[in-house]
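Engineer: Build the 3D model from these lines:
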Amino acid sequence: MIDRPIDRGRGATALFVEVGDPSALHTHLDKLPTGATWEPWGSMDESCSRRYSGWHGGPIPPLEIQPGSTFTSTVTAAPVLPRRAATYGRVAMLLLRSEQLTRLDPVQLAALSGWVLAGGSLALSVTRPEDLRHPALTGLVGGSIEVGPVADETRSEVSVPPEAQVSRNRRTPPAPDEPLSPELLALLVGYAGGNLRPSVLGATATYGLGEVHLLALDPARRPAVDSPWVHVRLIALLRRAADRQAQLVFPIGTEPMEVEEVRSYLDPNEGTRWVVGVSVLLLMAYAVLAGPVNFSVWRRRGQPLRALPTLFLLSGATFLAIVLLAVFSKGLGGRARHLTLVEAGAGTSVGVARRHRAFFVASARTMPVAAEHALAVLATPIERDKERRTDRLALDRDTLRLTNLGLRPWEVGLVAEDAFVELGEGIALVRGGTGETEVVNRSGRVLRGLILSDSGKGTRWLARLEPGQRASSSAFEAVSFLSHRPSSSRLATHLLNMHSQVEEFDARLPGLGSAWAAIEDSATLGTDWLPVDVPTLLAQLEGGEGRGTDSGLRIEHDRTLVRVVGYGGAP
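Structural biologist: Residues are numbered from 1 along each chain as shown. Model prediction:
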């Protein structure tokens, strides 16, 4: 059976899923405003309206909370969670007890950790002290966990933006200055160790592109479940979870929509425009030789009718030359092309990839396309002409497969795949001794065309970084291509604006600017490509992914780009 999302959710909502049924927090949080204005899970029309209406003078309403819940197996008493990371769908934050985490099977645990790695937010309440030593929990927070005093950040007042103080459904949001009762104070527990740092409701650890929150108490049990002090902090965590989605180019599981630039980049026809020019020259030469020259020559010889056989010969030769040019440029066999973007947290060994797989054949045919590995998901882009779609999604030994992908001759068939990619020991972004950002390449691959956005200090360029080498930001060449567009929300968006720089970066590394421009056009609208508070690295992995064939077709072009966000990794 193909995995299904936990909840499809509604537009303009942040889905908060409490694992278990029924949800204890549903009545307290339902339809309350989060204060977040970023909504990456809606349809294209909803997303356009929400992300750009503020720039034209219209208000952007904040997201409301939509509580959800999951089922529990009557056989094992374990929660029934997705078996693929992408099928978490619209979930902004998942609330899970540690005893439930330890009962997940390996496939569910891999899907959950993959979802967090790809940008999800997991809130964990520790219900049993022994769970702190469980490998699943220590792996998520990056090391052993120690119980300690409650941090000042947890007991301090929460800062609430104006968007979170007004409800469109006449529900009264909890007050940010609600006092901490002695009952709750006695229940609070502090955590430290691994990558944990104090937060508004316990401690938080970065895991890839996402976050894991160890809660200072169980918010779904009394007296915490009825406490406005707890509610306002849960809303703050949910607001942060939604806002962090702005930094993701391709939130995992989102459908590919605007792919025309990607299709154009991967289309072999784009590289054979010279054939049109040569054909035009041949036709012009034919028009001159077969007409005035041919008849003039035979007229001077006194045999004007001999011009007709020559005309037929010239016509046939010209037609054959044009056909041979087309065959030479397009080929007789099928072939494939790949354009992949891997997004990863700094220092992490695994990244989440959006792989665009293009297929090009000489005759109309249908073909199956299988996912690269068991946890990957496949989708065909939304086409204007839906009647052309003949593909179906099937499950074949835990691996998804598209059946009957319809391909037309000399046209590109495009398939998008969300998967996880190994990055060796990761690409670290660390603070150097002089305060500069250092890039450490432990991916085992050569990095080319490195573009470093150094925490608001400008953008820099480095042509190449070998495996095992490091480079500080001072070793990069300063370049200026950052485009900042103001937003009416609390979030400021930084766009690549690569289309205005294609020629410059293509000259530095052939095809690099065109590839980034295609990715930018197909990305989530208004993505914050270069956050100002953390460094961001854009680069190309030399040699692509190293595959030779795809679905039986030869891969003739394979370009893999990587985007690394945040500080992290061994110095």
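Engineer: Going by C-alpha atoms from here, please, whenever you check contacts or count neighbours.
Structural biologist: Will do.
Engineer: Just the buried positions in stretch 222-234, please.
Structural biologist: Residues 224-234 are the ones in stretch 222-234 that count as buried (16 or more other C-alpha atoms under 10 Å).
Engineer: ok, and what's touching that stretch?
Structural biologist: Applying C-alpha atoms under 8 Å, 6 or more residues apart in numbering, the external contacts of stretch 222-234 come out as 24-25, 28-29, 158, 173-180, 183-184, 200-201, 217-219.
Engineer: Are any of these buried, and if so which?
Structural biologist: 24-25, 28-29, 158, 173-174, 176, 184, 200-201, 217-219.
Engineer: Nearest to R240 among those?
Structural biologist: Lowest distance from R240 to those (C-alpha to C-alpha) belongs to V200, with 11.0 Å.
Engineer: count of neighbours near the nearest residue to the closest one once chain neighbours are set aside?
Structural biologist: Spatial nearest neighbour of V200, chain neighbours left out: T154 (4.3 Å); criterion: C-alpha to C-alpha, 6 or more residues apart in numbering. Burial measure for T154: 20 neighbouring residues, criterion other C-alpha atoms under 10 Å.
Engineer: which SS class is the residue nearest to T403 when sequence neighbours are not counted?
Structural biologist: Spatial nearest neighbour of T403, excluding adjacent residues (C-alpha to C-alpha, 6+ apart): P368 at 4.4 Å. Assigned by DSSP: H, G, I helix; E, B strand; the rest coil, the conformation of P368 is strand.
Engineer: Pretty sure P368 sits against N404.
Structural biologist: Yes - P368 lies in contact with N404 (C-alpha atoms under 8 Å); the separation is 5.6 Å.
Engineer: Surely G468 is within a strand?
Structural biologist: No - per three-state DSSP, G468 lies outside any strand segment and is coil.
Engineer: I'd guessed it sits against V440; true?
Structural biologist: Yes - the criterion here is C-alpha under 8 Å, and G468 meets it with V440 at 6.9 Å.
Engineer: Looking only at neighbour counts, state which of these two leads.
Structural biologist: A direct count of neighbours by other C-alpha under 10 Å for G468 and V440 places V440 higher, at 24 against 14.
Engineer: On the three-state scheme, the more buried one is what?
Structural biologist: V440 is classified as strand under three-state DSSP.
Engineer: For it, report the pLDDT, please.
Structural biologist: V440 carries a pLDDT value of 95.
Engineer: Next: S487.
Structural biologist: Among the per-residue scores, S487 shows a pLDDT of 45.
Engineer: Three-state assignment for L311, please.
Structural biologist: helix.
Engineer: The closest residue to it other than its chain neighbours: how many residues sit nearby?
Structural biologist: In this structure, L311 finds its nearest non-sequential neighbour in A290, 5.4 Å apart by C-alpha to C-alpha, 6+ apart. Neighbour count for A290, taken as other C-alpha under 10 Å: 20.
Engineer: Quick check: A290 is in a helix.
Structural biologist: Yes - counting by three-state DSSP, A290 falls inside a helix.
Engineer: and the gap between it and G552?
Structural biologist: 45 Å (C-alpha to C-alpha, to the nearest Å).
Engineer: what about the stretch 301-450 of the chain, any weak spots by pLDDT?
Structural biologist: 326-332, 382-398 (pLDDT under 70).
Engineer: just the strands in it please.
Structural biologist: 335-345, 350-360, 365-370, 377-379, 392-396, 399-407, 412-422, 427-431, 437-441, 447-453 (DSSP state E, counting those that start in this stretch).
Engineer: So which residues of the stretch 51-200 of the chain form helices?
Structural biologist: Assigned by DSSP state H, counting those that start in this stretch, the stretch 51-200 of the chain shows helices spanning 98-101, 106-117, 135-141, 152-155, 182-187.
Engineer: Can you say which of those is nearest to P82?
Structural biologist: Nearest to P82 among those is helix 106-117; the distance by C-alpha to C-alpha comes to 6.1 Å.
Engineer: pLDDT averaged over that closest one, what's the number?
Structural biologist: On average, helix 106-117 scores 92.
Engineer: So what touches that helix?
Structural biologist: 81-86, 88, 101, 122, 136, 140, 207-212, 252, 344, 351-352, 375.
Engineer: what's the answer for stretch 551-560, then?
Structural biologist: In contact with stretch 551-560 (C-alpha under 8 Å, 6+ apart) are residues 334-342, 359, 368-370, 540-549.
Engineer: Cheers, nothing more for now.
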